[in-house]
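Chemist: turn this into a structure:
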Amino acid sequence: MLKNFKFIIYTKPFIAFIYFFIRMYAMTFRFKVENEEKWKKHLKEGKTVLLCVWHQQFFSAIRHFKTYANLHPGLMISQSRDGELIAGVANRTGWHTARGSSSKGGKEAMEEMIDHLNSYHLGAHILDGPRGPIGKVKAGIIKMAQESNAIIVPFYTYADKVWFFNSWDRFMLPKPFARVTLLFGNEIYFEQPQTPDQFESQRLYLEQTMITRLLKG
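Modeler: All right, here's what the predicted structure looks like:
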């Protein structure tokens, strides 16, 4: 019985149902977006922008990120079965998904993301996904930004009424009718590192910049 259920949840009809359920659920949020126009201006000027977020907070942005569909944004998602579900939702939101992670297919997915950024100039990345550890920036974001000459723009989500899951990332789910804020931080641009120590310094700088906005739950 459980095996059959697991099969069902990865089918296209079920993924479509999940997508519309998320859309309807998120429509109850009272939404506020802050500091968005600054990076959009860079995009209009022909620059490449790479948005980044903690795994804990990405759900709250799904509704608003639908508005970026006409910009052909890209997103890297793991090849796991759970990733299949997330990718299905992202594709229906208008995002191109490159499939891979540090555990499987990461090199190919990263190359696909870099090509996509160079072509369409907008992407997003979940910094500590898909398995953590929480608050740990993985090196891929730095390489993608450098290879595409992208500006990194952190973003954070908050809500006045939330549930926190008992998961590795303390996943945050806003309650129905919560006041949800999507805040874009100041843009970060890294010069091409000349040594491994410089590369690590850039990764650590991004981690320390964003860790202060990680929610304790």
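Chemist: longest strand in this structure, by residue count?
Modeler: strand 150-159 (DSSP state E).
Chemist: partners of the following helix or strand past it in the sheet?
Modeler: Downstream of strand 150-159, the next assigned helix or strand under DSSP states H and E is strand 162-164. Take DSSP bridges as the rule and strand 162-164 pairs in its sheet with strand 172-174 (antiparallel).
Chemist: which residues of the protein fall in strands?
Modeler: According to DSSP E, the strands that the chain contains are 30-34, 48-53, 74-77, 96-99, 122-126, 150-159, 162-164, 172-174, 179-184.
Chemist: let's have these in TSV, adding mean pLDDT and distance to residue 213.
Modeler: To be clear about C-beta, it is placed using only N, CA and C from the backbone, and glycine gets the same treatment. Output for the strands of the chain, formatted as TSV (pLDDT from 0 to 100; distance: least, CB to CB, whole Å):
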stretch	mean pLDDT	distance to residue 213
strand 30-34	97	13
strand 48-53	98	10
strand 74-77	94	20
strand 96-99	93	25
strand 122-126	97	14
strand 150-159	98	4
strand 162-164	98	14
strand 172-174	98	12
strand 179-184	98	8
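Chemist: what's the most buried one of these?
Modeler: The highest mean neighbour count among the strands of the chain, using mean count of other CB atoms under 10 Å, belongs to strand 74-77: a mean of 24.
Chemist: tell me what that one is packed against?
Modeler: Here strand 74-77 touches helix 81-92, strand 96-99, helix 106-120, strand 122-126, going by 3 or more CB pairs under 8 Å, 6 or more residues apart in numbering; DSSP states H and E.
Chemist: relative to the second one, what are the paired strands and their orientations?
Modeler: What that stands for is strand 96-99. Partners of strand 96-99 in its sheet, by DSSP bridges: strand 74-77 (parallel).
Chemist: contact partners of the partner strand?
Modeler: Residues from elsewhere that reach strand 74-77 (CB atoms under 8 Å, 6 or more residues apart in numbering): 83, 86-87, 90, 95-101, 109-110, 113, 116-117, 120, 122-126, 130, 140.
Chemist: stretch 97-109 now?
Modeler: So stretch 97-109 is in contact with 74-80, 83, 87, 90-91, 110, 112-113, 116, 129-131, 138, 140, going by CB under 8 Å, 6+ apart.
Chemist: got a quick PyMOL command for the buried subset of those residues?
Modeler: To isolate the buried subset of the contacts of stretch 97-109 in PyMOL, counting by 16 or more other CB atoms under 10 Å, use the following:
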select buried, resi 74+75+76+77+78+79+80+83+87+90+110+112+113+116+129+130+138+140
